[in-house]
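Enquirer: Structural data only, the sequence is not supplied:
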């Protein structure tokens, strides 16, 4: 009996000791985890800003198609800003504006005023336009609006700077199929040459999501020249859907990429002549297209890890873009092509009821392209040795193992893909329309094909290699 009591006593004693050891182990793990958390406190600061830039008056000229004036607002246009400050004080600004484009003077003015109010170097401020074709024509807008645009764009960045907090940031990407299509290859399937969407994930110091940005090459031009309401187009619906899924308080932004030859499913030529698109150029279709971005982004977010101490490096240089010195035909030949095209269209219009709308549209396209051909041939004849466009800004920002490089103008997607493929960083992404200049920059191969983006284009076929080489150079700068 005494032996049994001793066994019980020993059993209880062993259990008591075991409980003590487990308690110490738990306390040790908690303290260790807490210590790790303190060690991993963010060393960077992040700031997010947003400001409405929609014209506050009626009858403002719109940019993207033929001249037309606005009659109202479908959804507000925004200036959205991401500010990242490194441990050493190096700061990068990513400002995206829901505009088709704007002149260089506005880029310079916005950068200058941001610098005056924050001391962030102008070279560290990336400004990009989303290229919505339903935004204001800044140069032709009333002076009141132009001042408003600058003030609100600056305020977006200054708010982000003033409200920056310790945080974490991470980068990843996903494939988004069906949203953008190559408008020059619609008869050959129209596949997007680079359907990669880059994603930026921003958290506060506790790891709570506070912001998401996506970067994708595609014209926000679902709505055509018949639309007279301001709208961000398909990105509006992407942002709306992501907010509904993640929370209305989450900052969401869209940054354009290389997009010169990618639209939502129509050809530029048919769009230019105002052809009927059978329901494609509607807000309903813009909502469908924007919705295609939502699920891929949400799924990718879960795979992106964030860091509180990435190294931040910024570089800026200028490049010279060669002007076009040749035309596929002489001016005399182009005028003959133009005359023949107009005569043929006039002939077909007389029997329009027998040939159908789409056939007639093809003849209208022929006239449109002939006009572009004449314009290009005349420019070459009048100035066969044009000077290059000089001092065009290009910027690069490296955040840890991720690089963003800016492109000027409307660069074809294949050029962006080439830069990504040749970069030493797997996570290399392009931010387009970031220079204050306009005009398509096609690949060299596309000059043989001609068409809307080529025949009237004033840039030389050498520009493709110039941009690839300059991108590699500036990426090397932020690598050193």
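Expert: Good, I have the coordinates. This structure is a prediction, so every number in the text was calculated from the model and none was measured.

Enquirer: Quick one: the strands in the stretch 301-450 of the chain, in order.
Expert: For the stretch 301-450 of the chain, strands defined by DSSP state E, counting those that start in this stretch occupy the ranges 312-321, 389-399, 402-406, 410-411, 427-431, 440-441.

Enquirer: Counting by contacts, list what the first one packs against.
Expert: Packed against strand 312-321 by the contact rule (3 or more C-beta pairs under 8 Å, 6 or more residues apart in numbering; DSSP states H and E) you find strand 91-97, strand 389-399, helix 463-477. Backbone N, C-alpha and C define where each C-beta goes, glycine included.

Enquirer: JSON lines for these, including distance to residue 362 and mean neighbour count?
Expert: Converted to JSON lines, those look like this (distance: least, C-beta to C-beta, whole Å; neighbours: other C-beta atoms under 10 Å):
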{"stretch": "strand 91-97", "distance to residue 362": "36", "mean neighbour count": "26"}
{"stretch": "strand 389-399", "distance to residue 362": "34", "mean neighbour count": "20"}
{"stretch": "helix 463-477", "distance to residue 362": "30", "mean neighbour count": "19"}
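
Enquirer: of the ones you listed, which approaches residue 334 most closely?
Expert: Closest to residue 334 of those is helix 463-477 (C-beta to C-beta; 22.3 Å).

Enquirer: Any stretches of the protein with poor pLDDT?
Expert: The chain contains residues with pLDDT under 70 at 1-39.

Enquirer: Where do the helices of it begin and end?
Expert: 2-39, 104-118, 143-162, 234-246, 268-272, 283-301, 331-349, 352-355, 357-382, 413-422, 452-455, 463-477 (DSSP state H).

Enquirer: Going by neighbour count, which residues in the second one are buried?
Expert: So that's helix 104-118. By 16 or more other C-beta atoms under 10 Å, the buried positions in helix 104-118 come out as 106, 107, 109, 110, 111, 113, 114, 115, 118.

Enquirer: which non-adjacent residue is nearest the third one?
Expert: The spatial neighbour of residue 109 that comes closest, neighbours along the chain excluded (C-beta to C-beta, 6 or more residues apart in numbering), is residue 150 at 5.5 Å.

Enquirer: The fourth one now?
Expert: Closest residue to residue 110 in three dimensions, ignoring its sequence neighbours and counting by C-beta to C-beta, 6+ apart: residue 153, at 4.9 Å.

Enquirer: which residues sit in contact with that neighbour?
Expert: By C-beta atoms under 8 Å, 6 or more residues apart in numbering, residue 153 lies in contact with 51, 53, 79, 95, 97, 110, 127.

Enquirer: I figured the fifth one hits residue 51, correct?
Expert: Spelled out, that is residue 97. No. Taking contacts as C-beta atoms under 8 Å, residue 97 lies outside contact range of residue 51: 9.9 Å.

Enquirer: who touches both of these two?
Expert: 78, 79, 153.

Enquirer: Would you mind giving those as CSV with distance to residue 170 added?
Expert: Listed next are those as CSV, based on distance: C-beta to C-beta, whole Å:
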residue, distance to residue 170
78, 23
79, 24
153, 27
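
Enquirer: Out of those, flag the one nearest to residue 239.
Expert: Nearest member of the shared contacts of residue 97 and residue 51 to residue 239, counting by C-beta to C-beta, is residue 78, at 8.7 Å.

Enquirer: For the closest one, grab the count of nearby residues.
Expert: 26 (other C-beta atoms under 10 Å).

Enquirer: got a list of what it touches?
Expert: 50, 51, 52, 53, 97, 98, 156, 232.
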